[in-house]
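A.B. asks: sequence first, then the predicted structure, then my questions.
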Amino acid sequence: MKTLLYVIAILWIASGTFVVVFTENARKVFKRIFFVEKIRLLSSLPFAFGVVLIVGAFWVKEIFWFTFILGLLAISKGIYLYAAPPEQRKAVMDWWFLRARPETVRLLALVLLVLGIALFSYLR
């Protein structure tokens, strides 16, 4: 389980760094991957990350609250993407991939980068 937490931390660090350094290229890449019509299918990704984080919280007691809260947030995001009305889901995705300013995208990428670094450092 600790290995999966390391994988999540490294993915967050890599994707956060990628978005901060290459903002427009990263948006194009992520738009190609995640800007799809079947958003309900996409909702399984944050849900799965959340489940891994919550289960990992019980395996690695030193970082229980940190991973447990991040897992709850990820599961909440997955449930929202699955259960929200289609118009709301489309509006959120349109905003993120088409209308969000580059500064906003970089700020959220920095948050992701910091969370990845924090998770990685707690696991060491």
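C.D. replies: It's in. Please read all numbers here as calculations on a predicted model, not as lab measurements. Numbers count the residues shown, from 1 in each chain.

A.B. asks: okay, CA-based contacts and neighbour counts for the rest of this
C.D. replies: OK.

A.B. asks: quick one, what contacts Gly116?
C.D. replies: 8-13 (Cα atoms under 8 Å, 6 or more residues apart in numbering).

A.B. asks: excluding chain neighbours, what is closest to Gly56?
C.D. replies: Spatial nearest neighbour of Gly56, chain neighbours left out: Met1 (5.8 Å); criterion: Cα to Cα, 6 or more residues apart in numbering.

A.B. asks: now that neighbour: how far from Glu87?
C.D. replies: Per Cα to Cα, to the nearest Å, Met1 is found 37 Å from Glu87.

A.B. asks: compare the two (neighbour count), which wins?
C.D. replies: Met1 (14 against 9; other Cα atoms under 10 Å).

A.B. asks: pLDDT at the more buried one, what is it?
C.D. replies: pLDDT, Met1: 85.

A.B. asks: hmm, back to that, doesn't Phe58 make contact with the residue nearest to Gly56?
C.D. replies: No: Met1 is not in contact with Phe58 according to Cα atoms under 8 Å; the separation is 9.6 Å.

A.B. asks: what ranges do the strands span in the chain?
C.D. replies: With DSSP state E as the criterion, the chain has no strands.

A.B. asks: who's in contact with the spatially most central residue of it?
C.D. replies: The chain has Pro46 as the residue nearest its centroid, 6.4 Å off, counting by Cα atoms, centre = their mean. Residues counted as contacts of Pro46 (Cα under 8 Å, 6+ apart) are 74-75, 77-78.

A.B. asks: what subset of the residues you listed is buried?
C.D. replies: 74-75, 77-78 (16 or more other Cα atoms under 10 Å).

A.B. asks: between those residues, which sits nearest Leu113?
C.D. replies: Ala74 (15.7 Å; Cα to Cα).
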